[in-house]
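Novice: pasting a predicted model and its sequence here:
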Amino acid sequence: MSAIPPGAQQSHCQPPDSLPFNDRQPDAIRLYPLSNYTFGVKETQPEEDPSVKDRLKRLEEHYANHGMRRTCEAVLVCHEHNHPHVLMLQIANAFFKLCIPTSTHYRRATADHKVSPGDYIPYSSEEIPAFKSILASILSPPASSSLASRDTDAGSSDWNIHSTIATWYRPNFETFMYPYLPPHVTRPKEVKKLYLIELPRTKVLSVPKNMKLLAVPLFELYDNSARYGPQLSAIPHYLSRLRWEMVDEQGEVVAWTPGGKNPEGLSTKVLADGGGDETRMEDAGV
C-alpha cells in the first residue's frame with residue numbers, strides 16, 4: 001500500500017529510473033498511527049428497533065411524513081504498520097447493523113459483522129452540522145469527563161469532513177441498497193452517503209458500553225462481502241482514489257502511497273553507487 005520508508009532505502013542497489021506517474025492525483029491525506037488516539041467508554045446507547053421489520057416500518061412512516069430519509073456514515077482511517085485501517089463499531093453478539101443507532105437494517109449472522117459510525121439526518125436539519133452532531137454523540141467523550149477536556153485542550157474536538165466517497169440508494173422499503181439508482185426508481189426511500197473523516201494527529205474517542213471499536217485493515221475488508229456485507233467490503237475501492245502519507249508518533253512521514261510526488265523534504269541517501277572505487281554519500285530524489 002505504501003512506498004518503502006526512507007530509513008529502509010539505504011542501499012547501493014537503487015531501482016531503475018522511470019517516467020513520472022503522478023498526473024491528476026488528489027492531495028495526499030496524512031494518516032496517524034493508531035497509538036496516537038485515546039479510547040474510552042461511556043453510557044450504553046439503547047437501540048430503537050428490535051427487529052428488521054420494525055426498522056423498515058419506521059422507515060415507511062418517516063417517508064410518509066417527511067419524504068426520503070438522508071443517512072450518513074463516517075469512514076475514519078488511521079494506520080498500523082504503515083497500512084490503512086478503518087475504525088468500525090461492533091454491536092452486541094446477535095444483531096448487527098451498518099449504521100448507528102437507527103439508520104439501517106439489522107442483520108443476524110454467525111460471523112462478527114462490523115459497522116461504521118453514523119445515523120440518519122433529521123428531516124429539518126442541515127446535512128453537515130447534523131452529521132457532526134451525530135458523530136459527537138456516538139464517539140466523543142461525555143462533556144463532564146476528563147477525556148473531554150483532554151480532547152478540547154488538544155484542539156481536536158471538531159470533526160473534519162473531507163469529502164463524500166460513496167452514495168447508496170434504497171429503492172423500496174426493503175433491506176437491499178444499491179450503489180446506483182435503479183432506472184425504474186424516481187423516488188428512493190433512503191439515500192446513504194459515506195464521508196471520509198480526516199482524523200487529527202491526536203483525538204479522544206469514547207464508545208458506548210454496548211459497542212466495541214475496532215481497527216480493521218483494508219486487506220481484511222477487500223472482497224469480503226460474506227463477512228462485512230457489500231457496503232463495507234467496497235470501502236477499499238472507494239479509498240483507492242486517494243493517496244496517503246503515513247506519519248509516525250514523532251510526526252515524521254515514514255511511508256507514502258506510490259504514484260505521486262514524494263512528501264517535501266524526503267530523499268534517498270545513496271551509500272554506494274557502484275560507479276567507482278570510492279564510497280560516497282549523496283542525496284538522490286526517488
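Specialist: Looks like it came in fine. Residues are numbered from 1 along each chain as shown.

Novice: contacts, neighbours, all on C-alpha from now
Specialist: Will do.

Novice: for the helix or strand harbouring residue 254, packing partners?
Specialist: In the assignment (DSSP states H and E), residue 254 maps to strand 253-256. With contacts defined as 3 or more CA pairs under 8 Å, 6 or more residues apart in numbering; DSSP states H and E, the packing partners of strand 253-256 are strand 244-247.

Novice: and the strand it packs on, what does it pack against?
Specialist: Contacts defined by 3+ CA pairs under 8 Å, 6+ apart place strand 244-247 against strand 29-31, strand 253-256.

Novice: and the contacts of that strand?
Specialist: 2, 28-33, 79, 82, 253-257, 263 (CA atoms under 8 Å, 6 or more residues apart in numbering).

Novice: so for that strand, what's the average pLDDT?
Specialist: Strand 244-247 carries an average pLDDT of 93.

Novice: can you list the strands that it pairs with?
Specialist: Neighbouring strands of strand 244-247 in its sheet, by DSSP bridges, are strand 29-31 (parallel), strand 253-256 (antiparallel).

Novice: following the chain onward from the first one, which element is next?
Specialist: The first helix or strand that comes after strand 29-31 along the chain, using DSSP H and E, is strand 38-42.

Novice: direction included, what does that following strand pair up with?
Specialist: Determined by DSSP bridges, the sheet partners of strand 38-42 are strand 204-208 (parallel).

Novice: for the chain, longest helix please?
Specialist: helix 52-66 (DSSP state H).

Novice: which positions in that helix come out as buried?
Specialist: 52, 55, 56, 58, 59, 60, 63 (16 or more other CA atoms under 10 Å).

Novice: where's the fourth one relative to residue 49, distance?
Specialist: Distance, residue 58 to residue 49, by CA to CA, to the nearest Å: 9 Å.

Novice: could you check how far the strand holding residue 254 is from the centre of its chain?
Specialist: 19 Å (CA atoms, centre = their mean, to the nearest Å).

Novice: so where's the chain uncertain?
Specialist: 1-12, 92-119, 144, 148-157, 260-286 (pLDDT under 70).

Novice: in it, which spans are helices?
Specialist: Going by DSSP H, the chain shows helices at 52-66, 127-139, 146-153, 218-221, 225-233, 235-239.

Novice: which other helices and strands does the last one contact?
Specialist: Put plainly, it is helix 235-239. For helix 235-239, the packing partners by 3+ CA pairs under 8 Å, 6+ apart are strand 160-170, helix 218-221.

Novice: buried residues, the first one. List them.
Specialist: In other words, strand 160-170. 161, 164, 165, 166, 167, 168, 169, 170.

Novice: quick one, what contacts the closest residue to the fifth one other than its chain neighbours?
Specialist: Distances taken as CA to CA, 6 or more residues apart in numbering place residue 193 nearest to residue 167, at 4.5 Å, with adjacent residues excluded. Contacts for residue 193 (CA under 8 Å, 6+ apart) come out as 71, 72, 73, 164, 165, 166, 167, 168.

Novice: for residue 180, see how far away residue 193 is.
Specialist: Distance from residue 193 to residue 180, by CA to CA: 12 Å.

Novice: list residues touching both of the two?
Specialist: Common neighbours of residue 193 and residue 180 (CA under 8 Å, 6+ apart) are 167, 168.

Novice: before we move on, back to that, can you redo the helices of the chain as TSV with distance to residue 201?
Specialist: Converted to TSV, the helices of the chain look like this (distance: least, CA to CA, whole Å):
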stretch	distance to residue 201
helix 52-66	37
helix 127-139	16
helix 146-153	11
helix 218-221	20
helix 225-233	25
helix 235-239	20
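
Novice: hey, C-alpha coordinates of stretch 33-48 in CSV?
Specialist: Listed next in CSV are the C-alpha coordinates belonging to stretch 33-48 (Å, rounded to 0.1, in the frame of the first residue of the first chain):
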residue,chain,number,x,y,z
PRO,A,33,-0.8,5.8,14.0
LEU,A,34,-3.5,4.1,16.0
SER,A,35,-1.4,4.6,19.1
ASN,A,36,-1.9,8.3,18.9
TYR,A,37,-5.6,8.0,19.8
THR,A,38,-7.1,7.6,23.3
PHE,A,39,-10.1,5.3,23.7
GLY,A,40,-12.7,5.4,26.5
VAL,A,41,-16.2,4.1,27.2
LYS,A,42,-19.5,5.9,28.1
GLU,A,43,-23.1,5.0,28.9
THR,A,44,-24.9,2.5,26.8
GLN,A,45,-26.9,3.8,23.9
PRO,A,46,-30.2,1.9,23.6
GLU,A,47,-31.3,0.6,20.2
GLU,A,48,-34.6,1.9,18.8
